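J.: can't give you the sequence, but here's the structure:
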C-alpha cells in the first residue's frame, strides 16, 4: 500500500528542534510529515553514546560498546529502539528501491513507518535523564546543581513548546455533530425522516483509501458528510479510510464516472430506498456529479449545503441518457471530425492489442498530429480492478518537427480514467498542440508492480469538439466508446 516512503521520519526531525524558536536557524528543505524531537538533552546524550560506541569499538571492546547503561535489560531495550528508529527512517530501503518492498511479505503492508520512532523517542528521553542524573550524582557541587536546574528548566520549556497546540486540538466539543447543541446549520436534521433513505452520497465526491484511487481528497463536504452520518445513522458512500477493497471502490466510483453500464452497487442494495444527496455549495462539481444532481429533488438547504433526494431509478436512467447522447452524436454528421484524427488499434500486433511489461518506462504510442489546436487523447487499459495497476504513471510528450520537446504532461491512470467496463478503464485527457506536424509520444511505467503485462488498446487522438465514429462488424464506436444496445 501507499505510504511507506512518504511517511518516513527524518533524522533532523528527531534530533533538531524543527519549529521551535531556537530551531529557526535550520531550514529542513522539504516536507516534514512526522516529528519526534528528543530534546536538546536527548540530542547531546545521543551524540555522547555514539562517540563512546565508536571509541570502544576502536579499542576492541566490542561488547562494552553496547553497554549504554549499567542495566543489561535497558541496554537491550535501547538498541531495540534504535532498530525501530532505522525502520522509521525507511532503512534499509530507499525510494529508488521501492519495488523491493513487494518481496518482503507482510512487511510491505507497513504504512506510516515513521511511527516506529516512538519507542526510540521514549527510551532516549529516559536514557538522557538517567545520564544527566548519573553525571550530577558523581559530584554534587553548586555549579553542577545550577547546571542541572538550567537543563531541567530548558527541557520543560521544550516540552511546553512541543505540546502548546494540542490541548486546543483535543478539547473539541464537536458542536457540528453533537445533538446537544442547536446550531442554525443543524436545523435541517429535525425536518426529515431519515429512516426512508438508503445512504448518504456527498458531493463533491471523495474516496481516498483503496491505495489505488485518490478522489476528492480536498473536497469541502467531508466534515459535513461525516457529521450527517453521525447525526442520521445512515451509511456514507464515501471513504477517507485505508484498506478499502478495490471492488467496493469501483462500485462507488461508478456513480461519479461517466455513465456507461448498469451500476453493480444498485443491484446489491437490500431495498430501493432513495439516497440522501448532500452537496456543498463551494465545491467544484464534475459533469457527471452535476448529472446526479439533475436527477435529484432538492428538499432542504442551509448556508453551506443543498440537500436532495435521489431515487435509485433516477440513477439507473443516467446510463440510458448517456447512451442517447452517444446515439445522437453518431447520427449528427455536422459534428463529425473534419480534421484529421490519429487512431491506433494495434491490429498489426499479436492479439490485436499492445501488451508489455511496464516495470520500466515503455512507450506504447507515437504518432504525428497533423494540425494544431486542442485535442482529446483517449485509450483503453486492462487492470482497472487489479491491485496497484491503476497507479501506473504515464506521461505525454510533444515534439516539434525539429525534434525539440515543447510539452511534457505527467499523470497517473487513475487520475485520468473517465469510465470503466469491468476490468477495463478508458483514459481520456486534453492536450494542447501548439504546432502542426507535432509528434506525440505516450510512455507508461509502474514502479510498484513486480510482474505482469499491461494491455493498452485503441489509442485515439481527435480534435476537441468533434465526433469520431467507427463502424466495425458488430460494434459502433463513438469517441472510443462502444455504443451498447438498449
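T.: Everything's here; your move. Only a predicted model underlies this, so the values are computations on that prediction, with no experimental measurement involved. Numbering: from 1, shown residues only.
J.: Please make it C-alpha for all contacts and neighbour counts, starting now.
T.: Will do.
J.: which residue is nearest the middle of the protein?
T.: residue 214 (4.6 Å; C-alpha atoms, centre = their mean).
J.: so the residue lying closest to it once chain neighbours are set aside bridges to which residues?
T.: Nearest residue to residue 214 in three dimensions, chain neighbours excluded: residue 208, at 4.8 Å (C-alpha to C-alpha, 6 or more residues apart in numbering). Taking DSSP bridges, one finds residue 214, residue 240 as the beta-bridge partners of residue 208.
J.: measure residue 232 to residue 240 for me?
T.: 19 Å (C-alpha to C-alpha, to the nearest Å).
J.: any idea which element residue 407 lies in?
T.: Using DSSP states H and E, residue 407 sits within strand 405-412.
J.: Quick check: next helix or strand after the least confident helix or strand in the chain by mean pLDDT?
T.: Sorting the helices and strands of the chain by mean pLDDT, DSSP states H and E puts helix 166-170 at the bottom, at a mean of 66. Once the chain leaves helix 166-170, the next helix or strand it forms, by DSSP H and E, is strand 200-203.
J.: Let me see the mean pLDDT of that next one.
T.: Regarding strand 200-203, the rounded mean pLDDT is 95.
J.: Likewise for stretch 277-284?
T.: 91.
J.: Other residues contacting that stretch?
T.: The set of residues external to stretch 277-284 that reach it, using C-alpha atoms under 8 Å, 6 or more residues apart in numbering, is 200-204, 219-221, 225, 296, 304-310.
J.: What's the end-to-end length of that stretch?
T.: 15 Å.
J.: can you check stretch 445-461 too?
T.: Terminal residues of stretch 445-461 lie 21 Å apart, using C-alpha to C-alpha.
J.: Any of the contacts of stretch 277-284 buried? List them.
T.: 200-204, 219-221, 225, 296, 305-310 (16 or more other C-alpha atoms under 10 Å).
J.: where does residue 78 land in three-state SS?
T.: The assignment at residue 78 comes out as helix when based on DSSP: H, G, I helix; E, B strand; the rest coil.
J.: meant to ask about residue 308, not that
T.: Secondary structure, three-state DSSP: residue 308 is strand.
J.: Which residues are in contact with it?
T.: Residues near residue 308 by C-alpha under 8 Å, 6+ apart: 276, 277, 278, 279, 293, 296, 297, 298, 299, 300.
J.: Distance check, it against residue 235.
T.: Counting by C-alpha to C-alpha, the gap from residue 308 to residue 235 is 16 Å.
J.: With residue 16 instead?
T.: For residue 16, the distance to residue 235 - C-alpha to C-alpha - is 45 Å.
J.: Just want to know which of these two has more residues nearby.
T.: Between residue 16 and residue 235, counted using other C-alpha atoms under 10 Å, residue 16 has the larger neighbour count: 21 against 15.
J.: What does the pLDDT read for the more buried one?
T.: So, for residue 16, pLDDT stands at 89.
J.: Show me what stretch 380-395 is in contact with.
T.: 211-213, 246-247, 250, 408-414, 420, 422-427, 442-449, 454-459.
J.: my bad, should have said stretch 243-252
T.: Contacts of stretch 243-252 (C-alpha under 8 Å, 6+ apart): 207, 209-213, 237-238, 263-265, 385-387.
J.: Give me the buried positions along that stretch.
T.: Buried-residue list, stretch 243-252, by 16+ other C-alpha under 10 Å: 244, 246, 249, 250, 252.
J.: Could you do stretch 346-364 as well?
T.: In stretch 346-364, counting by 16+ other C-alpha under 10 Å, buried: 346, 353, 354, 355, 357, 358, 359, 363, 364.
J.: What separation do you get for the spatially closest residue to residue 337 that is not a sequence neighbour and residue 369?
T.: Nearest non-adjacent residue to residue 337, counting by C-alpha to C-alpha, 6+ apart: residue 466, 4.9 Å away. Distance, residue 466 to residue 369, using C-alpha to C-alpha: 15 Å.
J.: go on, residue 409?
T.: Distance, residue 409 to residue 369, by C-alpha to C-alpha: 16 Å.
J.: The two: which has the busier surroundings?
T.: For residue 409 and residue 369, the more surrounded residue by other C-alpha under 10 Å is residue 369, and the numbers stand at 22 against 11.
J.: Contacts only, for the more buried one.
T.: The contact partners of residue 369, taken as C-alpha under 8 Å, 6+ apart, are 341, 342, 436, 437, 438, 439, 440.
J.: List phi and psi for it.
T.: phi -90, psi 110 (degrees, to the nearest 10).
J.: same check, this time on residue 66
T.: phi -90, psi -10.
J.: Same question for residue 68.
T.: Main-chain torsions, residue 68, degrees, to the nearest 10: phi -70, psi -40.
J.: How much space separates it from residue 426?
T.: As defined by C-alpha to C-alpha, residue 68 lies at a distance of 60 Å from residue 426.
J.: who's more crowded, these two?
T.: residue 426 (25 against 19).
J.: Could you tell me whether that one really is in a helix?
T.: No - if the criterion is three-state DSSP, then residue 426 is strand and not within a helix.
J.: I figured it was touching residue 413, is that so?
T.: No - in this structure residue 426 lies outside contact range of residue 413 using C-alpha atoms under 8 Å: 9.0 Å.
J.: List the residues that contact the closest residue to residue 482 other than its chain neighbours.
T.: Computed as C-alpha to C-alpha, 6+ apart, the closest residue to residue 482 that is not its neighbour in sequence is residue 476, at 5.9 Å. By C-alpha under 8 Å, 6+ apart, the contact list for residue 476 reads 469, 470, 482, 483.
J.: what's the neighbour count on residue 237?
T.: 21.
J.: what's the spacing between it and residue 280?
T.: The gap separating residue 237 from residue 280 is 15 Å, by C-alpha to C-alpha.
J.: now residue 289
T.: 12 Å.
J.: intersection of neighbour lists for these two?
T.: Residues touching both residue 289 and residue 280 (C-alpha under 8 Å, 6+ apart) are 203, 204.
J.: who has more neighbours, these two?
T.: Set side by side, residue 289 and residue 280 show more neighbours around residue 280, with 25 against 19, by other C-alpha under 10 Å.
J.: what about the residue nearest to that one when sequence neighbours are not counted, distance to residue 194?
T.: Of all residues not flanking residue 280 in the chain, residue 305 sits nearest, at 4.6 Å (C-alpha to C-alpha, 6+ apart). Look at residue 305 and residue 194: by C-alpha to C-alpha, they are 17 Å apart.
J.: Adding secondary structure, write the contacts of residue 308 out as TSV.
T.: Shown next, in TSV, are the contacts of residue 308 (three-state DSSP):
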residue	secondary structure
276	strand
277	strand
278	strand
279	strand
293	helix
296	coil
297	strand
298	strand
299	strand
300	strand
